[in-house]
Structures are given as structure tokens and as C-alpha cells.
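Trainee: Provided below for reference: sequence and predicted model.
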Amino acid sequence: MTLKEILLKAEKPARYSGGEVNTPDMKKPCDVRFCICMPDLYEVGMSNLGLKILYHVLNEQEGTVCERAFAPALDFRALLKENGLPLMSLETKKPLKEFDMIGFSVQYEMLYTGVLYVLEAAGIPFRAADRSEDDPVICGGGPSAINPEPIADFFDLFMVGEGENQIVELTELYKKCKKQGKTKAEFLALAESIEGVYVPSLNTPTNRKTVKKAVVRNFDACYYPTAQLMPTLEVVHDRAMLELYRGCQNGCRFCQAGYYYRPIRYRSAKTAEKLFLSLIKETGYDEISLGSLSTGDYPYLEELLAAIKPVAAKARVNLALPSLRLDSFKKEYAESSRKSSLTFAPEAGTQRLRNVINKNVTEDDIRSGLSAAFDQGYNSVKLYFMMGLPTETDEDLIGIADLVRFIRSLYYESHRGAINISVSCSVFIPKPGTPFQWEAQIDIPEMRRRQFLLKDEIRKIKGASFHYHDRETSELEAIFARGDRALSDLIELAYKKGAMFDSWTEHFHYEIWEEAMAELKIDKQKYLGAQPLDKPLPWEFIDIGVTRNYLLKEREKAYRAETTKGCDKGCQGCGAMSFAPCDEVAR
């Protein structure tokens, strides 16, 4: 059966066909062929901004061609297997095994088995130690690189931090080594000198070099693709995104991204406007999202909106403003967005617990922010919370229901018609690189008790709905988040027993993981319980800029329910400015 015949039998052939508008020149002369891959379905991978940036930045380089691959859905994987075909790239249908380098974008822990799934479909051995000179160099990157140890045995190298400049330097080094006939081991030894590159085979858990994350120092001049690929089917986030800045000034103590992407670096309003105009011209999207970790904190947002709103209206392009904080929400922002639902994340139901986690949002902020939204015609609100946060009590959980009641009464003070309030509550997961990286996670029975307690409270409120995250998935994510190299064996065994697509509810089977943990005699409490404050943690050889001492001080303040001012109020001395000047402070 030919590949064309196989595609016609697939559930969604467009996932594998390629040929998107704005595809770069795949036939140009090249010395290195790189395949960038997210180990999830096309619809998920094509929504990822980081993947888009690195794909286009590589294709801009002379002598480099970058193609893409995603995890094939189970039906297409079966068709490939039946016909003895390996997984291929989307652009030229080149087998992944024939590329020089493959870069996996590992966005979250539940994708770990996806890496093995893709490697197996490509006919590439799982472990770096088992691969030959003829196999591609397997690179890892993305947010999970903050703790690469659970998957270290599967990768030749990791790119820690921001990859725009790092990946160019890495591929240029590979070209030189290839021309000089150097071995893979020789290349890896040289690659380790590049900022942010970690080579597991050259480091052991007891003898490791410090790896300083890569940082783009001049963000305003940083490369950004505007002729972005147009997906051939609807994807999860079916819109263009304009990244306004990196980092976050707020310092929420549970938030890994807020610390990992420090220091704060902005694009100027002029640069952002220029990129926005190019996105309209070079893509066919009817929506452009102005993105960042906290869009409302972008200091030039009002200036930018004033410049681009008339252009967007003329082009019939909707402006989306995600990641708005209640204390930064303004009437002008509501006017800029489509009148669907607004999303906010108070995270905790009481002011005491919001102080513990340093979520500097008060009831007055909630009142003013939502009043502005309601006055603009919004009558649907999505609220995100966490349960299981350090020091949380049942009173804090009941406080979530009380906050929903407050919002409902606020709406009816001056508005008619029904209001819909959707409450989503995830389970707290202690993440590396945060002040809460030492905390314990509540166990599954306690998760269940708290979820049902809150569910019973929310169901009493008319117009409110409640959704909560899967308990077993939350536990496994916590195990991986603070894992060490011992978990590589667990991931491989669980995959061989049938674990795959773990981020998809219909495919996740926790009993497989429990069986594998029992077989390997892995004590999950080693990873789920409170971590010692006086010993190095498995990931602390990764230098993210924020110091251990600062994180410990923030943890102490959390237990006193003391808040820390945002970076916009002055430098708090976290250490990130040793990597690059923090624009918010320098401004």
C-alpha cells in the first residue's frame, strides 16, 4: 500500500499531509536537516508558539532545513506498522531516522511516554546509550527541561531555557563537526560549552556541571516569525499569537513559568505594532492573540491597542487578550475582545491563602475588574483555582464558593439576564524552580474529599458549574515534576505495558503506572512527600537565575502569609538580573 493510500485510510489525513501555506523552501541546499517534534497530536503541536518560532528561525538559516513531525494518532500508527513504514516528516515524507537531528519540544510531564512512542514509530532506539553513529542526535527542550532527569537517559542533549539563539549556535556547531568528520561523542563534548546545553551522558547524578539556562537578552530585537504556517485542519488554539514580553512581575509562588522565564523583557509598542501588521498581512487568521504570562501587565498595552484596533477592525480580525489579571483588567481591554467569556485565575478563595501564594489580588480588584467586564456586556466568566495549596484549610475551599456568590451578586447589582460562572479547580503540583518546590502534594483520597466538598458547595449556586482535574493524572505529574533518573526505567516499562497519550483522558490508565512502580519497587512518596530543605534537589544543577536562597525566603514568607511586591514596584533581588537586565526595573 502506498503512502497516499495509507493517508486516505487515516481518520484525519491532514495531520500528516503537510503542504500548509507559508511552508518554507524545503529544497534549498543544506548541510543539516533538523526535525522538530512535539510528541502529541498535530492539533496540539501546531498550537505551540515555541515550536513555531524555532521551526521558522532554523529555516531562516543558510544551510539548514527544518521539518516537523508529531505523534501519529493510534489509527495512523497502526497503518504505518501494518505496511512496514516508519514515521516520516510532514514536509518531504523523509523517515525521521534519516535526519541529522531531532528536537523534541516537551511541554509538560505527561508527554514523556509520547517521546518513546515517536522514537519507536521512527525505528530509533529509546536510550542514547543504545543508539549508533547512524542515528540522529536526539535533543530535548521546552519547559520540562527545567528538570530533565526523569527522561535524561532518552536524550543526547537538552536545550535549557530560550532557544532562538541557542538552537542556531547548536546547528552551526553540528555543521562544522559534520564537515570535519567528528563523531557524535565529539560533537556532544563541544556542544556542552553552548549556554543552556546539558549532555546527560557526560554528567552523573553525583557529579554534574552547573547548566546556566539560555536567555534572549535583547527581546525587542529578537527574531519573531510572522509568515507562520497555516494549519490544514482546526487546531486547539486556531489563531495567530503575538508575544508581547517574556517573564512575569508578579511572583506567584506556585508558578514555574513565572520564575523560569525571568528576567522580564519587553517588546516596544512600535515593534509589537509592526509585527501585528505583518501577521495580518502574512496569515489568514481571523483572530490574533496578544500573549504573555500576564498580558495586562504589559506597560505599553493601551498604546498598542490604540494603534492596532482600527487596523484589526478594518481587517475583521478579532483581538484576544488572554492571561489578564483581575487587578490589571480595564474597560478598554474588554472593548478590544469578542464578547464571549472572560477567564481569570484568582487561584484561591480567601485573601489569606492568596497572600500565602503571593497572588496579589484583592476583593476590590475582583469587584473593579469584573464590573468593567459586565458593563461591556460580558455575562460569562471562567474562574481558575487550585486546591491542595500549602496551608489550605476547608475554610479556604468554602471561600471559593463564597467568591462565586460574590461575583453573582455583583452582576445582579446592575445587570439583567442570566450569568454563567464556570469554576475549574486543579490540584496543586509542587514544581521545580518555585518557592513551593519543597512542599508535599496531598494524596488521592484527600484530593477526592476536597473536590467533593467544593462540588457540593458550588452546586448550591444558580448559574455556576464546577470542573475538577483528574486525581491520578495530578499525582503522576507531581512524581515526574520532581523526579530523578530512576524514573527513566519507570517511563520505559510503563510505555511497554501500554502507557501512551497520557495527557488524553481516554488513553490514560493509572493502573499501568501503578503496576510498573510496583514491579520496579519505586516508592512514589519519595517524590510526592515534602522534600528536605538542607539537601540538593535532583534538578538544582540547572541555574534558572532565581537563587535557592530567594526561593527559601519566599517559602518562609508564604508560611507567614506575607506578600512580596511585584517587580514593577522595584527589584526584589531574586537573582535573575544576573542573566540580563530586567526591563521592568530598568524602565
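Mentor: Structure's in. What do you need?
Trainee: wait, is Ile102 part of a helix?
Mentor: No: with DSSP: H, G, I helix; E, B strand; the rest coil as the criterion, Ile102 is assigned strand and is not in a helix.
Trainee: Contact partners for it?
Mentor: 34-37, 69, 96, 122, 124, 136-139 (Cβ atoms under 8 Å, 6 or more residues apart in numbering). In short, each C-beta sits where N, CA and C put it, glycine included.
Trainee: Produce a ChimeraX select command limited to the buried residues of the residues you listed.
Mentor: Selecting only the buried entries of the contacts of Ile102 in ChimeraX, with 16 or more other Cβ atoms under 10 Å as the criterion:
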select :34,35,36,37,69,96,122,124,136,137,138,139
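Trainee: Among the contacts of Ile102, which ones are in strands?
Mentor: 34-37, 69, 137-139 (DSSP state E).
Trainee: Can you give me the buried ones in stretch 266-274?
Mentor: 266-267, 269, 271-273.
Trainee: What is the nearest of those to Val427?
Mentor: Within these, distances to Val427 taken as Cβ to Cβ reach their minimum at Tyr266, with 33.3 Å.
Trainee: from memory that closest one sits against Glu243, does it?
Mentor: No: between Tyr266 and Glu243 there is no contact under Cβ atoms under 8 Å: 10.5 Å.
Trainee: Let me know the pLDDT of the nearest residue to Gln351 once chain neighbours are set aside.
Mentor: Nearest residue to Gln351, sequence neighbours excluded (Cβ to Cβ, 6 or more residues apart in numbering): Thr362, at 6.6 Å. With respect to pLDDT, Thr362 has a value of 87.
Trainee: ok, Leu41 to His507 distance?
Mentor: For Leu41, the distance to His507 equals 11 Å [Cβ to Cβ, to the nearest Å].
Trainee: Let me fix that, I meant to ask about Lys274.
Mentor: 43 Å.
Trainee: Can you tell me the SS state at the residue nearest to the spatial centre of the chain?
Mentor: Centroid check for the chain by Cα atoms, centre = their mean gives Gln107 as the closest residue, at 4.7 Å. Secondary structure, three-state DSSP: Gln107 is coil.
Trainee: Surely it and Cys37 touch.
Mentor: No: judged on Cβ under 8 Å, Gln107 makes no contact with Cys37 at a distance of 11.7 Å.
Trainee: Distance check, the residue nearest to the centre of the chain against Cys425.
Mentor: Distance, Gln107 to Cys425, using Cβ to Cβ: 22 Å.
Trainee: Next, the buried residues of the helix or strand in which Leu403 is found.
Mentor: Assigned by DSSP states H and E, Leu403 belongs to helix 394-412. Within helix 394-412, the residues scored as buried using 16+ other Cβ under 10 Å are 396-397, 399-401, 403-405, 407-408, 410-411.
Trainee: Could you count how many residues lie near Asn549?
Mentor: 11 (other Cβ atoms under 10 Å).
Trainee: quick revisit: for the residue nearest to Gln351, give its distance to Tyr298.
Mentor: From Thr362 over to Tyr298 (counting by Cβ to Cβ), the distance is 21 Å.
Trainee: out of these two, which sits in the more crowded spot?
Mentor: Neighbours of Thr362 and Tyr298, each counted by other Cβ under 10 Å, are more numerous for Tyr298; the result is 22 against 14.
Trainee: out of everything not next to it in sequence, what's closest to Asn59?
Mentor: In space, Asn59 is closest to Pro24, 3.9 Å off (Cβ to Cβ, 6+ apart).
Trainee: Domain parsing of this structure, as residue ranges.
Mentor: Taking automatic domain parsing as the domain assignment, the ranges for the chain are 3-212, 239-323+545-587, 327-429+440-486+522-529.
Trainee: want to throw those into a markdown table with distance to Glu492?
Mentor: Listed next are the domains of the chain as a markdown table, based on distance: least, Cβ to Cβ, whole Å:
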| stretch | distance to Glu492 |
| --- | --- |
| domain 3-212 | 6 |
| domain 239-323+545-587 | 25 |
| domain 327-429+440-486+522-529 | 12 |
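Trainee: Quick one: end-to-end length of stretch 261-278, please.
Mentor: Terminal residues of stretch 261-278 are spaced 26 Å apart (Cα to Cα, to the nearest Å).
Trainee: All the helices of the stretch 151-300 of the chain, in order from the start?
Mentor: Here the stretch 151-300 of the chain has its helices, by DSSP state H, counting those that start in this stretch, at 164-179, 184-191, 256-260, 269-282.
Trainee: Show me what the last one is packed against.
Mentor: Helices and strands touching helix 269-282, by 3 or more Cβ pairs under 8 Å, 6 or more residues apart in numbering; DSSP states H and E, are strand 240-243, strand 287-291, helix 301-315.
Trainee: mind checking how far that helix is from the chain centre?
Mentor: Offset of helix 269-282 from its chain centre (Cα atoms, centre = their mean, to the nearest Å): 24 Å.
Trainee: which residues sit against that helix?
Mentor: Outside helix 269-282, the residues that touch it by Cβ under 8 Å, 6+ apart are 22, 220, 224, 226-228, 240, 242, 244, 267, 285, 288, 290, 300, 303-304, 307-308, 311-312, 315, 317.
Trainee: Quick check on those: which are buried?
Mentor: 224, 226, 228, 240, 242, 244, 267, 285, 288, 290, 300, 304, 307-308, 312, 317.
Trainee: I'd like to know which of the residues you listed is nearest to Leu116.
Mentor: The closest of those, once distances to Leu116 are taken by Cβ to Cβ, is Gln228, at 29.4 Å.
Trainee: thought the closest one was touching Asn22?
Mentor: Yes: between Gln228 and Asn22 there is a contact under Cβ under 8 Å: 6.2 Å.
Trainee: what touches both of these two?
Mentor: 282-283.
Trainee: rewinding a little: now the ones in strands among the contacts of Ile102 in a markdown table, with pLDDT and distance to Glu169?
Mentor: Shown next, in a markdown table, are the ones in strands among the contacts of Ile102 (pLDDT from 0 to 100; distance: Cβ to Cβ, whole Å):
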| residue | pLDDT | distance to Glu169 |
| --- | --- | --- |
| Phe34 | 98 | 13 |
| Cys35 | 98 | 19 |
| Ile36 | 98 | 16 |
| Cys37 | 98 | 20 |
| Ala69 | 98 | 23 |
| Val137 | 98 | 14 |
| Ile138 | 98 | 18 |
| Cys139 | 98 | 13 |
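Trainee: got a list of what the closest residue to Val197 other than its chain neighbours touches?
Mentor: Spatial nearest neighbour of Val197, chain neighbours left out: Ala191 (5.1 Å); criterion: Cβ to Cβ, 6+ apart. Taking Cβ under 8 Å, 6+ apart as the criterion, Ala191 is in contact with 157, 170, 173, 197, 199.
Trainee: what would the residues you listed look like in TSV with neighbour count and pLDDT?
Mentor: Below are those laid out as TSV (neighbours: other Cβ atoms under 10 Å; pLDDT from 0 to 100):
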residue	neighbour count	pLDDT
Leu157	26	98
Leu170	24	98
Leu173	18	98
Val197	23	98
Val199	21	98
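Trainee: Can you pick out the most distant pair from those residues?
Mentor: Taking Cβ to Cβ, no two of the contacts of Ala191 sit farther apart than Leu173 and Val199, at 12.5 Å.
Trainee: In contact with the closest residue to Glu133 other than its chain neighbours, which residues?
Mentor: Once flanking residues are discounted, Glu133 sits nearest to Lys184: 5.7 Å by Cβ to Cβ, 6+ apart. Neighbouring residues of Lys184 by Cβ under 8 Å, 6+ apart: 133, 137, 156.
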